[in-house]
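Trainee: Sequence and predicted structure are below.
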Amino acid sequence: MFAFYLGNFTMDNIQICSTALNDIISYLTKQQNFKDFDEKKREYWMSLFNIEKYETENKKFHYNIFTDGKCGVITLEKPKRNKNKRY
């Protein structure tokens, strides 16, 4: 038999993705979810977080941040190569 006590439950970490960021912005500005968010999501992310300094030609921001309140981790992805370009 197992017993679980959730009285002092706290989250160890959170993930902020584009959907969560849209919800956070909507809550703080008291507006409905932004209809143009997907089109302008890079603009929103870059205006709130200084992520560009971590991007390179081979690594681009993947619109996810993980944090435990003390440190943060950003997700980067390798952009798809142009199939017509030969090396």
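Mentor: The structure has been received and is ready for your questions.
Trainee: residue ranges with poor pLDDT in this structure?
Mentor: 1-11, 83-87 (pLDDT under 70).
Trainee: what do you get if the cut-off is 50, keeping everything else the same?
Mentor: Scanning the chain for pLDDT under 50 picks out 1.
Trainee: ok, longest strand in it?
Mentor: strand 60-67 (DSSP state E).
Trainee: Enumerate the positions of it that are buried.
Mentor: 61, 63, 64, 65 (16 or more other Cβ atoms under 10 Å). Bear in mind the C-beta positions are built from the backbone N, C-alpha and C, glycine included.
Trainee: now for that strand, which elements pack on it?
Mentor: strand 14-17, helix 37-48, strand 72-77 (3 or more Cβ pairs under 8 Å, 6 or more residues apart in numbering; DSSP states H and E).
Trainee: Go ahead and confirm residue 58 touches residue 77.
Mentor: No - assessed by Cβ atoms under 8 Å, residue 58 is found out of contact with residue 77, at 9.9 Å.
Trainee: Compare the two (neighbour count), which wins?
Mentor: The residue with more neighbours, out of residue 58 and residue 77, is residue 77; 12 against 9, by other Cβ atoms under 10 Å.
Trainee: Surely that one is in contact with residue 60?
Mentor: Yes - using Cβ under 8 Å, residue 77 is in contact with residue 60, at 5.9 Å.
Trainee: need the contact list for the residue nearest to the spatial centre of the chain.
Mentor: Closest to where the C-alpha atoms of the chain average out (Cα atoms, centre = their mean) is residue 64, at 2.6 Å. Contact analysis of residue 64 by Cβ atoms under 8 Å, 6 or more residues apart in numbering lists 15, 16, 17, 74, 75.
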